[in-house]
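A.B. asks: could you look at this predicted model? Sequence included:
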Amino acid sequence: MNTFYKQLLLGFMALILVGCATGKNAFDKGDYETALDRAVNRLQANPSNKKAQDVLMDGYRIAAQYHLKRIQQLDRSSDTFKWETIYNEYAALNRYYNDIQRCPACLDLVNPKEYLQEQEEAARNAADVQVALGNDALQMNTIESGRQAFGHYERALRFNRNISQIDSLLTTAIEMGTIRVLVEPIPVHSRNLELTNEYFANRMYEFLDGFSRDRFVQFYSQADMEAYDISPDHILSMEFDDFVLGQTRMESKTKEIKRDSVVVGQFKDKEGVTHDVFGTVKADFTTYKKTLASTGLLNFEIRDAFSNQVLIQRKLGGQDIWQYEWASFNGDERALTRDEIRMSKLKEVPPPTAQELFAAFIDRIYDQAFGQVRQLYRDTGI
């Protein structure tokens, strides 16, 4: 490429960059907010920039006309949510006003108008519409309409933080939109063992309590239901169908261990100098492994309290294997490694109690049970 074309290309690129910097390109595309923002920034840095001046004067005039015309059209419409859009139109006009007010050079070119009162009025009207829709939803008195009402009240607060009795309305909507789940007692069936599920029950209630925070779902015991005089929408049943301990299994394995170049003695030569005698040492090393497996099933079910329809039902199974290893040896200890010596000092221990093994088994079940709750109530977030 020769020098002439390089200069021509550079000049063309410079014009594009200037157009972007002054907002001219954005103005030509009808993006008035970006155009005015760039023109103001340019004039703050260079008050005499002619292109930025033209963009500001033409841009503000046309943008103001556009937003005001939109407001007039919306005001005449029957759109339920028109006040939210009107609020946004006034908000745009007030952003132009604030930006220009911070630019002394811009104030010499245009006289922006503030629409703060109009924006506040539109906000109040938009909030009133949402509150009215929320009140209508409450009249339907269903779980879904309660959640809809809560959404309307939350949206109303985006426009007006001083709504009369809004806290009470939000509370009513949450109560109406919340699924109340009765958690039935959790029995344990085992053919030969006496077990308690208190550990599992406490962990489940702890999880359910944490899960229900900021959600349209709450979990109650039967005593809680009676204390608050409320009825359940869903019933959660969990029952250990069985828990079985297998037979204790013992394994042992013996191997001969040799180690060379071990000092096995000393001798003195003719000059009376002591020397080490190296040789091979041996030991029979025996390892023992004791294993006990425990298995069980948890029947997990959630059903509708009114129709008794099963919403979710799973057989959650798990297995836990307790294992203990130790060792012994006959022969020369010097043939052993440090780990082998450590194992040889361990003694045989009895297996854990049935209750301890049951607790370990339960740890295998938690995530499965929690996953079922999360799946069914995943769309209940407030």
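C.D. replies: That came in fine, so what should we check first? Residues are numbered from 1 along each chain as shown.
A.B. asks: which regions of the stretch 151-300 of the chain lie under the pLDDT threshold?
C.D. replies: In the predicted model, the stretch 151-300 of the chain carries pLDDT under 70 at residues 189-194.
A.B. asks: please, where are all the strands along it?
C.D. replies: 179-183, 217-220, 234-245, 249-268, 274-304 (DSSP state E, counting those that start in this stretch).
A.B. asks: any chance of those in TSV, plus distance to D367 and mean neighbour count?
C.D. replies: Bear in mind the C-beta positions are built from the backbone N, C-alpha and C, glycine included. Shown next, in TSV, are the strands of the stretch 151-300 of the chain (distance: least, C-beta to C-beta, whole Å; neighbours: other C-beta atoms under 10 Å):
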stretch	distance to D367	mean neighbour count
strand 179-183	18	20
strand 217-220	18	21
strand 234-245	14	19
strand 249-268	27	11
strand 274-304	12	16
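A.B. asks: of those, which is nearest N25?
C.D. replies: strand 217-220 (51.7 Å; C-beta to C-beta).
A.B. asks: could you give the separation of that closest one from the chain centroid?
C.D. replies: 20 Å (C-alpha atoms, centre = their mean, to the nearest Å).
A.B. asks: stretch 84-103 too?
C.D. replies: The answer for stretch 84-103 is 36 Å, by C-alpha atoms, centre = their mean.
A.B. asks: can you check stretch 153-171 too?
C.D. replies: Distance, centroid of stretch 153-171 to centroid of chain: 26 Å (C-alpha atoms, centre = their mean).
A.B. asks: compute the first-to-last residue distance for it.
C.D. replies: 10 Å (C-alpha to C-alpha, to the nearest Å).
A.B. asks: ok, and what's touching it?
C.D. replies: For stretch 153-171, contacts defined as C-beta atoms under 8 Å, 6 or more residues apart in numbering pick out 84, 87, 123-124, 126-128, 130-131, 134-135, 138, 149-150, 173.
A.B. asks: buried residues in it?
C.D. replies: 153, 155-156, 159-160, 163, 166, 169-170 (16 or more other C-beta atoms under 10 Å).
A.B. asks: mind putting those into JSON lines with distance to D75?
C.D. replies: Below are the buried residues of stretch 153-171 laid out as JSON lines (distance: C-beta to C-beta, whole Å):
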{"residue": "Y153", "distance to D75": "25"}
{"residue": "R155", "distance to D75": "21"}
{"residue": "A156", "distance to D75": "20"}
{"residue": "F159", "distance to D75": "17"}
{"residue": "N160", "distance to D75": "19"}
{"residue": "I163", "distance to D75": "23"}
{"residue": "I166", "distance to D75": "26"}
{"residue": "L169", "distance to D75": "28"}
{"residue": "L170", "distance to D75": "30"}
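A.B. asks: from those, which single one is nearest L236?
C.D. replies: Looking across the buried residues of stretch 153-171 and measuring by C-beta to C-beta, the closest to L236 is L170, at 26.8 Å.
A.B. asks: and the closest one, how close does it get to I163?
C.D. replies: To I163, L170 is 10 Å away according to C-beta to C-beta, to the nearest Å.
A.B. asks: check F219 too.
C.D. replies: With C-beta to C-beta as the criterion, F219 and I163 are 31 Å apart.
A.B. asks: same question for N88.
C.D. replies: 20 Å.
A.B. asks: per-domain residue ranges of this structure.
C.D. replies: 3-114, 124-177, 178-382 (automatic domain parsing).
A.B. asks: can you give me the end-to-end distance of the last one?
C.D. replies: Its start and end residues considered, domain 178-382 measures 10 Å (C-alpha to C-alpha).
A.B. asks: wait, what's in contact with N46?
C.D. replies: Counting by C-beta under 8 Å, 6+ apart, N46 has contacts A52.
A.B. asks: can you give me phi and psi for it?
C.D. replies: phi -140, psi 90 (degrees, to the nearest 10).
A.B. asks: how close does it get to Q53?
C.D. replies: In terms of C-beta to C-beta, N46 sits 10 Å off from Q53.
A.B. asks: and for F267?
C.D. replies: 108 Å.
A.B. asks: try Q72
C.D. replies: 29 Å.
A.B. asks: the two: who's more crowded?
C.D. replies: Neighbours per residue (other C-beta atoms under 10 Å) separate Q72 from Q53, with Q53 holding more: 21 against 12.
A.B. asks: so where does the more buried one fall, helix or strand?
C.D. replies: Assigned by DSSP states H and E, Q53 falls within helix 50-76.
A.B. asks: and that helix, what does it pack onto?
C.D. replies: Applying 3 or more C-beta pairs under 8 Å, 6 or more residues apart in numbering; DSSP states H and E, we find helix 50-76 packed against helix 3-22, helix 24-28, helix 32-45, helix 82-101.
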